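A.B. asks: Sequence first, then the predicted structure:
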There are 4 protein chains.
Amino acid sequence: MIEGKINNINLQKVYYGMVGGGESSFIGDVHRKAAAFDRKCIIAAGCFSRDYNNSLRTAQSLDISPDRVYKNYLEMAEKESKRSDKIDFVTIVTPNNSHFEIAKTFLNNGINVVCDKPLVTDLDKAYELKKIANEKDLLFCVTYSYSKYSMVKEAKEIIKRGDIGEIKLILAEYLQDWLAEPIEKEGQKQASWRTDPNQSGISNCVGDIGTHIEHTVSYITGLKIKSLCANLENIGDNRSLDTNAQILVKFDNGASGVYTVSQVAIGYQNGLKIRVFGTKGSIEWEQENPECLAVSIINEPKKILKKGLNYLSNASLELSRVPSGHPEGYYEAFANMYSVFADAILYKKSGNTIKAFDFPNIDDGISGVKFIEKCVESSNSGSVWVNF
Amino acid sequence: MIEGKINNINLQKVYYGMVGGGESSFIGDVHRKAAAFDRKCIIAAGCFSRDYNNSLRTAQSLDISPDRVYKNYLEMAEKESKRSDKIDFVTIVTPNNSHFEIAKTFLNNGINVVCDKPLVTDLDKAYELKKIANEKDLLFCVTYSYSKYSMVKEAKEIIKRGDIGEIKLILAEYLQDWLAEPIEKEGQKQASWRTDPNQSGISNCVGDIGTHIEHTVSYITGLKIKSLCANLENIGDNRSLDTNAQILVKFDNGASGVYTVSQVAIGYQNGLKIRVFGTKGSIEWEQENPECLAVSIINEPKKILKKGLNYLSNASLELSRVPSGHPEGYYEAFANMYSVFADAILYKKSGNTIKAFDFPNIDDGISGVKFIEKCVESSNSGSVWVNF
Amino acid sequence: MIEGKINNINLQKVYYGMVGGGESSFIGDVHRKAAAFDRKCIIAAGCFSRDYNNSLRTAQSLDISPDRVYKNYLEMAEKESKRSDKIDFVTIVTPNNSHFEIAKTFLNNGINVVCDKPLVTDLDKAYELKKIANEKDLLFCVTYSYSKYSMVKEAKEIIKRGDIGEIKLILAEYLQDWLAEPIEKEGQKQASWRTDPNQSGISNCVGDIGTHIEHTVSYITGLKIKSLCANLENIGDNRSLDTNAQILVKFDNGASGVYTVSQVAIGYQNGLKIRVFGTKGSIEWEQENPECLAVSIINEPKKILKKGLNYLSNASLELSRVPSGHPEGYYEAFANMYSVFADAILYKKSGNTIKAFDFPNIDDGISGVKFIEKCVESSNSGSVWVNF
Amino acid sequence: MIEGKINNINLQKVYYGMVGGGESSFIGDVHRKAAAFDRKCIIAAGCFSRDYNNSLRTAQSLDISPDRVYKNYLEMAEKESKRSDKIDFVTIVTPNNSHFEIAKTFLNNGINVVCDKPLVTDLDKAYELKKIANEKDLLFCVTYSYSKYSMVKEAKEIIKRGDIGEIKLILAEYLQDWLAEPIEKEGQKQASWRTDPNQSGISNCVGDIGTHIEHTVSYITGLKIKSLCANLENIGDNRSLDTNAQILVKFDNGASGVYTVSQVAIGYQNGLKIRVFGTKGSIEWEQENPECLAVSIINEPKKILKKGLNYLSNASLELSRVPSGHPEGYYEAFANMYSVFADAILYKKSGNTIKAFDFPNIDDGISGVKFIEKCVESSNSGSVWVNF
């Protein structure tokens, strides 16, 4: 068995707190498992729920000292910022509509931020967060974890190297079916808040999964959207937010794209698939089979690249821990993001300032918010083209 | 080995002639092999080339009597129509721009027609052909052969039965890469005429393969396009016709669709893929793997249906000759079309008039021409929505 | 659309007759469609059934003159051999137990033979046929049609070129499920004769499909079996012949192999799959997806080769008619066999004698019969190793 | 997004130590990540290397108190057993040849054991460990982690329920290519010890990966091997242990099986694939695509079951944390094993004794050692059948 490439012995740690993620939370636990994976990030504080007892129980299970469990995020930001052993960063895993105030508060208290996507519910707030982060010289990570799969990195390297030539066409889809039935009426928690404009903002489907396409494509290709034409649909009984959308895109280099997103596409669970076609070749990647990358070069047979094999770039090999054929998945990609973010914090704490670390940052967050707004604007105007 | 379902002993024959399809023709030979497959259709006359010697040699190889080899299609239509053993139908396999005059001539001489798609290069001519065929009470087949794959029929049956509920979303793509390089400049014959507006008409890619999507989707679902928004692109060195297009579609029942077509999508050869999503389930079919059909019903595991197995409908079983697992492909689908068309002719010759035979007919041909026109209109107007 | 490579204009024809293949026959029709495919072979005579009226009706549907329909094969061989326009070859599509007498009769009357596999039911008879064919200088084709798939040929070329190095391991399986239920008791014709030792000989499953593995592996690799160890099983209610077998194999070059065959492997229809591993790489091919060939070279990504693309060898390109992505299947492979056999006959008729034509011949037939005998011998002796 | 099923709030912890797994170890880190995954197991002590400084550095990175870092396992077992906060179990991740002495020592000191597979290098020692564990009433887990994939559990449930009827045929393979080149000569650590009989025992390939087949098949089906016939081969330059093997198997219920294992099968990385065929249906699972399970029931379409969906059994749903479509892989299966083992320890510590916990135990370890011995015995005797 060939060994993995990630260094497993980490002596330096970073400490973090969490807002949201209490007992009944799904995503909070994903973050904690991912952050803990490589033993670089230690959870040390939290305000996990509006229900303080939930917070206390959650903290206990995480071996967090009770004096670092807080009744609300304001108290947490303030008190943590004054501790000598204060948290290095906070992770925000609350519904979309609360991200802004929480993130702003921690930034203003001098604490780096990891925030779930979409970043905020309107673009002005996104820019404001960036402004504060810059002023305070703080790191801000927006958790587009799919760009941290090893083979997404390989795709990026291949394109950067020019292997597929100039990009001409991008086909991307993200198909799910979990909202094919009105489960929000039966109280399913995820469904309830995501279909509720008060918690999700102006979009559900485009906001939740469309932004993953927007980010991952942008990450792989480096292209910027120039204009788009979107059709958003509220499929399902009396829903007020989109569960289905088709988006035509034009990029700054002249390439065209089609983004298709759905939460009602029966037969698909988490079907993010990205295809990029250039003048010399193409790449194809699927999130549900994340360790393979299909590469076609003109007049050559299609090649199936696999995680962890020697012919890959170091950049992608560094994102795998176990040998090829030993599946790494959602948690491991998420862990890669925390690992890089922790490295960035450690690097900065050591007084360095130059190196760029490859984690999804606030500009990625801004881009996602803008994407949501432009899709909604286009669709509400009769699915016309709007400039980005 | 389970036996196939098609009756192999056919005593009654129909006779046909061909216009086009001489020595260097590719598609003419496909038609002849397909027509001969089930021994229902016998080729008996032809005008295979503007070069009479080519025609004669082609005829000789086909055991056609020299007196039924013609110098031009006018002569052929006229002389055949006067024979007591005249051909039952003519197959037209010339470039798009000549279909109209040839088809019209044979119809006016009382001869049924099989014509390659797209039918003609403008819509008025399509309606004119329909008018003549109706007046003359003649059969007209347009060779959208993909709808004669066994599992396409099964998809149609499944949807008709209501298994997937009301259709909400249709995703279809037809991706090829044979025009990724400017092979028309090196004299490749297919590339030369298809990229030439004088022979192809106003569209290359949408006309050649977009129409296959339009037809096959229409065949499977029974839905009509209400409006569309298309972006056509002439990718490739100084080309004047489209080689790439993205088309948003709205259907008469309120469903949405995305059609993506390309002749420059490196890594794809003949990638026609159709996915139809309804309120209860979905179907998925790919031309390059034609004998499988994926069916997903809500809250059930995805099923992979395979040609020739007992759980299929009789309608699809009737379209296969060999048992499941013995691949039938492009020729056999094409042969299914000729087989049904021959049955229709024999039925009509026997004096019957009532039964509907399931072959792609002139209305399908008209629909395709309209689709081309609307796509070009939309794209030329800045990719705006146009009514169908 | 890139054009296919097979020359479609054939002026010279060969004429053949058929023994077996009457109205209710499945495989007879497959042979006739395949033989007719490229218009090189014309059926001209037949004894299609012990029931003369069945023969006459079959002949009528095939446009065979009634004077060339025969009451039995003896009459047919004798009378045809005396005609000036006598058939060039006879195709024998009767149950295994009758192959020997029929083939011998036609050979003795100077007529070339195409015979279904397995060739005969014991090895002495196989050698006797070879002896007669050699003495009479006649061509003998045994219909192992799977070796005529384009990508099987490509596999052979790749191995011959040394791309995968010295062969070390061969894994081959042929899994079907059509005998998972005792359909022979319900009168299913194929099941009835194949499970009947009086018609099939000493083996059903190994004879019917195991021999396809034996031949195709031998064709691709050029290796000879040195010894084998087989376990044959009669799964199913009171069956007297095998429906399931596992066979360990050692080859003359020291390589090892595993052949697994089953007619009761639920979920598989016609799952012939062959994997060959060498010191530098491997190849993998599946009959149900015949137009792809996976090739892995050490330290390189796996490549998926597809029929009809330019990077293939001419040897495999010559076996495809339609462009890559346009599926050719079972019939087309079968047609390739008839096409090559017809070429061989035409070449010989023109007085030439040197060139080797690549069709499965009597040595392949002998090898298959020997394989059956050795598998049965090993299994009956307690699944011990026996020399080949 | 549908939520996962594993309870994420665990208040009770178990503490463990590790022998082996120092700085340059691959598998030690896998164990630690897996044990930490669900926050049930806390590492508290260790003897990670014969090099004490390596041990100390490793311990530091793991936040282990220096007084619980030991110079050798004897000291560790002795001293830990005397602490009031002693470890609940020890994990042994050293080469095969040292498992016995280490495991025996910890058992004799009253400490539960988790041990890598294969358990030991000869069968007597395996029985001895079982005897001690029983006498001391200690839990013993052998890390066959593949049986803890969610869909392996589903396969077991399906078979237990009788969905596929009586088992008749089992086809299993485990193909890798990492030893296709003699990397042990270049000092690759994994290759060095695995190809060395002094560290691996009497088998490399069968011991390392053949045992995974033996265990996983046994787990899924509940069948016991009755006899086997094995061919082991030392492919590769001057190797003294097997890198390739084919094994015919007969089971106690009369079913047959074929196990194929290789470390030199170019193109395969970690290709464990298991197919079980019964009288009513079959299942098929692949480790590299672990979240899918193909199920074929006679006369029904093949179904593709996917992790985390509602139609699955609770038994398999309990083994997934994230919704369907969010890949869980190697680490998560490993974590499932530790989670169940921790539950078993906690249950026992609370004074309970009755409940059976589903982790691979010492009987599974014994079975694996026996399997190795019988394969080697058969192969060394000329690949004859030997009773199990």
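C.D. replies: Nice, I can see it.

A.B. asks: which sections of the stretch 101-250 of chain A are below the confidence cut-off?
C.D. replies: Within the stretch 101-250 of chain A, no range satisfies pLDDT under 70.

A.B. asks: quick one: the helices in it?
C.D. replies: Taking DSSP state H, counting those that start in this stretch, the helices of the stretch 101-250 of chain A run over residues A:123-136, A:150-160, A:189-194, A:197-200, A:205, A:211-221.

A.B. asks: Just say which of the ones you listed is most tucked in.
C.D. replies: Mean neighbours per residue, mean count of other CB atoms under 10 Å in any protein chain shown, is largest over the helices of the stretch 101-250 of chain A for helix A:205, with a mean of 28. C-beta here means a position set from N, CA and C on the backbone, and glycine is covered the same way.

A.B. asks: is it anywhere near chain D?
C.D. replies: No: legend: contact between helix A:205 and chain D by CB under 8 Å from any CB of the partner chain is lacking; minimum distance shown is 12.0 Å.

A.B. asks: Please see if that helix touches chain B.
C.D. replies: No: counting by CB under 8 Å from any CB, chain B is not contacted by helix A:205; separation bottoms out at 12.0 Å.

A.B. asks: List the contacts of that helix.
C.D. replies: Under the criterion CB atoms under 8 Å, 6 or more residues apart in numbering or on different chains, residues A:232, A:241-245, A:261-263 lie in contact with helix A:205.

A.B. asks: let's go with 6 Å and repeat that
C.D. replies: With contact meaning CB atoms under 6 Å, 6 or more residues apart in numbering or on different chains, helix A:205 is reached by A:242-243, A:245, A:261, A:263.

A.B. asks: same question, stretch A:151-158
C.D. replies: Here stretch A:151-158 makes contact (CB under 6 Å, 6+ apart) with A:220, A:283, A:285, A:293, A:307, A:312-313, A:315-316, A:319.

A.B. asks: Export only the CA atoms of that stretch, formatted as CSV.
C.D. replies: Extracted in CSV, the C-alpha atoms of stretch A:151-158 (Å, rounded to 0.1, in the frame of the first residue of the first chain):
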residue,chain,number,x,y,z
MET,A,151,-9.0,16.0,-7.9
VAL,A,152,-10.6,19.4,-8.1
LYS,A,153,-7.2,20.8,-7.4
GLU,A,154,-5.8,18.5,-10.1
ALA,A,155,-8.4,19.9,-12.5
LYS,A,156,-7.2,23.4,-11.7
GLU,A,157,-3.6,22.5,-12.2
ILE,A,158,-4.3,20.8,-15.6
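
A.B. asks: before we move on, the earlier item: got CSV for the helices of the stretch 101-250 of chain A, with distance to D:Ile158 too?
C.D. replies: Converted to CSV, those look like this (distance: least, CB to CB, whole Å):
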stretch, distance to D:Ile158
helix A:123-136, 49
helix A:150-160, 32
helix A:189-194, 29
helix A:197-200, 39
helix A:205, 34
helix A:211-221, 34
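
A.B. asks: Might one say that A:Leu272 is in contact with A:Gln287?
C.D. replies: Yes: the pair A:Leu272 / A:Gln287 is scored as a contact, 3.9 Å apart, by CB atoms under 6 Å.

A.B. asks: now A:Val258, what's its secondary structure?
C.D. replies: strand (DSSP: H, G, I helix; E, B strand; the rest coil).

A.B. asks: what's it in contact with, if anything?
C.D. replies: Shown in contact with A:Val258 (CB under 6 Å, 6+ apart): A:171, B:246, B:258, B:260.

A.B. asks: Just flag the most distant two among the residues you listed.
C.D. replies: A:Leu171 and B:Val258 (9.5 Å; CB to CB).

A.B. asks: Contacts only, for A:Leu62.
C.D. replies: Contacts for A:Leu62 (CB under 6 Å, 6+ apart) come out as A:Ile43.

A.B. asks: Next one: it from chain B, what distance?
C.D. replies: Distance of A:Leu62 to chain B, computed by CB to the nearest CB, to the nearest Å: 35 Å.

A.B. asks: hmm, back to that, pick out whichever of the contacts of helix A:205 sits closest to chain D.
C.D. replies: Each of the contacts of helix A:205 was scored against chain D by CB to the nearest CB, and A:Gln263 proved nearest at 9.2 Å.

A.B. asks: so the closest one makes contact with A:Asp177?
C.D. replies: No: the criterion here is CB under 6 Å, and A:Gln263 misses it with A:Asp177 at 7.1 Å.

A.B. asks: Which residues of the stretch 101-250 of chain A lie near chain B?
C.D. replies: Residues of the stretch 101-250 of chain A lying near chain B by CB under 6 Å from any CB of the partner chain: A:168, A:180, A:235, A:246, A:248.

A.B. asks: near chain C, which residues of chain A?
C.D. replies: Checking chain A against chain C by CB under 6 Å from any CB, the hits are A:299, A:301-305, A:310.

A.B. asks: What's the PyMOL syntax to select whichever of those are buried?
C.D. replies: The buried residues among the residues of chain A next to chain C can be selected in PyMOL (16 or more other CB atoms under 10 Å in any protein chain shown) with this line:
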select buried, chain A and resi 301+302+303+304+305
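
A.B. asks: Of the residues of chain A next to chain C, which ones also sit close to chain B?
C.D. replies: Within the set of those, contact with chain B (CB under 6 Å from any CB) is found for A:Lys302.

A.B. asks: Identify, from the residues of chain A next to chain C, the entry nearest to chain B.
C.D. replies: Nearest to chain B among the residues of chain A next to chain C is A:Lys302, at 5.7 Å by CB to the nearest CB.

A.B. asks: residues touching A:Leu171, list them.
C.D. replies: If you count contacts by CB under 6 Å, 6+ apart, A:Leu171 has them with A:258, A:275.

A.B. asks: run the last query once more with 8 Å
C.D. replies: Going by CB under 8 Å, 6+ apart, A:Leu171 touches A:257-258, A:274-275, A:277, B:173, B:260.

A.B. asks: Relative to A:Gly278, how far out is it?
C.D. replies: Taking CB to CB, to the nearest Å as the measure, A:Leu171 falls 13 Å from A:Gly278.

A.B. asks: And A:Asp85, by the same measure?
C.D. replies: Taking CB to CB, one finds A:Asp85 at 50 Å from A:Gly278.

A.B. asks: and what of A:Leu272?
C.D. replies: For A:Leu272, the distance to A:Gly278 (CB to CB) stands at 20 Å.

A.B. asks: So those two - more neighbours on which side?
C.D. replies: Between A:Leu272 and A:Gly278, counted using other CB atoms under 10 Å in any protein chain shown, A:Gly278 has the larger neighbour count: 25 against 22.

A.B. asks: what's the distance between the residue nearest to the more buried one when sequence neighbours are not counted and chain D?
C.D. replies: Excluding the flanking residues, the one nearest A:Gly278 by CB to CB, 6 or more residues apart in numbering or on different chains is A:Ile164, at 3.5 Å. As judged by CB to the nearest CB, A:Ile164 and chain D stand 24 Å apart.

A.B. asks: repeat for A:Asp364
C.D. replies: Note on A:Asp364: its distance to chain D, by CB to the nearest CB, is 21 Å.

A.B. asks: What does that residue show for phi and psi?
C.D. replies: Dihedral angles of A:Asp364 (phi, psi; degrees, to the nearest 10) stand at phi -60, psi -40.

A.B. asks: any idea of the pLDDT on it?
C.D. replies: For A:Asp364, the pLDDT comes out at 97.

A.B. asks: Closest one of the residues of the stretch 101-250 of chain A next to chain B to A:Tyr347?
C.D. replies: Ranked by distance to A:Tyr347 (CB to CB), those are led by A:Lys168 at 37.8 Å.

A.B. asks: Run through the residues that contact the closest one.
C.D. replies: Contacts for A:Lys168 (CB under 8 Å, 6+ apart) come out as A:254-256, A:277-279, B:235, B:244, B:264.
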